[in-house]
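Colleague: Pasting the sequence and the predicted coordinates here, then a few questions.
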Amino acid sequence: MDIASLIGLVIGGLCLGMVFFEVSHGHLAMFYSFEGVLMVGGGSMSVIFIAMPMDKIMHAGGYIKKFMFYKAKSPLVIVKLLSQLADKARRDGILALESDIAALQDEKFLAAGLRMAIDGMDPGNIEALMRMEIMSMRERHKAGKKFFELIKSYGPGWALVGTLVGQIGMFGNLEGAEIGKLGHMLAIAVCATMYGTVVANALAGPVADKLGMRSAEEILNREMMMQGVLSIQMGDNPRTTMDKMQAFLPGAQREALRKAA
């Protein structure tokens, strides 16, 4: 569970709920509009089906899971892991890493790279294959980010349509001057705007941004793993491998790693 995401959702939900309760004096039903939900919710879903292929839409649950549950290791952990592997390969030979591959099932990308290195594959081919895997992962991550960006971009647009429909209905009933009908139409207009704003700014936008950030972090991790595998295969000194890995870390983490060494 990503604690930061959970905290953000809870804070946003509590703030929204408290304001709703204070404004309505406990009568929260005044904030519900079936027409507004239909316009913003249904309209946003229609945009997703229009803009994305079906096979990408079928992974929507996975996109949400990726947002709430994040299992990737930190760059600092990866540096330490690669340093240990480099030290073992230097001391016992690269074939000694065969026993470590089974323990790297959570890092299949690294395990695959080490297996190619152990098998004696040409370093250029190893790098090419690993870069292809990174590129493929980047494209998969783009789909998840795009899913929520579509909601962020077009949800408010559909909310505007709902607002205009409510206003047209209100103007169309001015002749009869029935306050109940006018109030209902005005509520549709305002609620649709509110729904679109909340969905775009409190949910879809932040989720898309976090997925984009996590994609960048995973790409960085895999770049580190690739450089580590190539360094190990070339028989570099473990200190050299460590220095190469530290190039991916910010200054504060490099200093922490040096103190821990």
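Modeller: Yes, it's here.
Colleague: in the protein, which spans are helices?
Modeller: For the chain, helices defined by DSSP state H occupy the ranges 3-24, 34-37, 43-51, 54-57, 60-68, 75-92, 98-101, 108-118, 123-172, 179-198, 205-233, 238-246, 251-260.
Colleague: Between those helices, which has the poorest mean confidence score?
Modeller: Of all the helices of the chain, helix 251-260 carries the lowest average pLDDT, namely a mean of 70.
Colleague: That helix to helix 238-246, inter-axis angle?
Modeller: Here the directions of helix 251-260 and helix 238-246 differ by 160 degrees (axes from the mean of the first three to the mean of the last three C-alpha atoms, to 10 degrees).
Colleague: could you say what helices and strands helix 251-260 packs with?
Modeller: Here helix 251-260 touches helix 75-92, going by 3 or more C-beta pairs under 8 Å, 6 or more residues apart in numbering; DSSP states H and E. To be clear about C-beta, it is placed using only N, CA and C from the backbone, and glycine gets the same treatment.
Colleague: Which residue lies nearest the spatial centre of this protein?
Modeller: Compute the mean C-alpha point of the chain, and by C-alpha atoms, centre = their mean the closest residue is residue 211, 1.5 Å away.
Colleague: do you know how far that residue is from residue 152?
Modeller: 12 Å (C-beta to C-beta, to the nearest Å).
Colleague: With residue 207 instead?
Modeller: For residue 207, the distance to residue 152 equals 9 Å [C-beta to C-beta].
Colleague: more crowded one of these two?
Modeller: Set side by side, residue 207 and residue 152 show more neighbours around residue 207, with 25 against 20, by other C-beta atoms under 10 Å.
Colleague: need the contact list for the nearest residue to that one once chain neighbours are set aside.
Modeller: Nearest residue to residue 207, sequence neighbours excluded (C-beta to C-beta, 6 or more residues apart in numbering): residue 148, at 4.7 Å. Listed by C-beta atoms under 8 Å, 6 or more residues apart in numbering, the contact partners of residue 148 are 63, 203, 204, 205, 207, 208, 211.
Colleague: Hmm, the first one is touching residue 211, no?
Modeller: Yes. With contacts counted by C-beta atoms under 8 Å, residue 63 reaches residue 211, the gap being 6.9 Å.
Colleague: Common neighbours of those two, please.
Modeller: 144, 148.
Colleague: count of neighbours near the closest residue to residue 1 other than its chain neighbours?
Modeller: Once flanking residues are discounted, residue 1 sits nearest to residue 69: 6.0 Å by C-beta to C-beta, 6+ apart. By other C-beta under 10 Å, the residues close to residue 69 number 10.
Colleague: Skip the chain neighbours and tell me the closest residue to residue 110.
Modeller: Of all residues not flanking residue 110 in the chain, residue 225 sits nearest, at 4.5 Å (C-beta to C-beta, 6+ apart).
Colleague: what's the spacing between that neighbour and residue 258?
Modeller: Distance, residue 225 to residue 258, using C-beta to C-beta: 21 Å.
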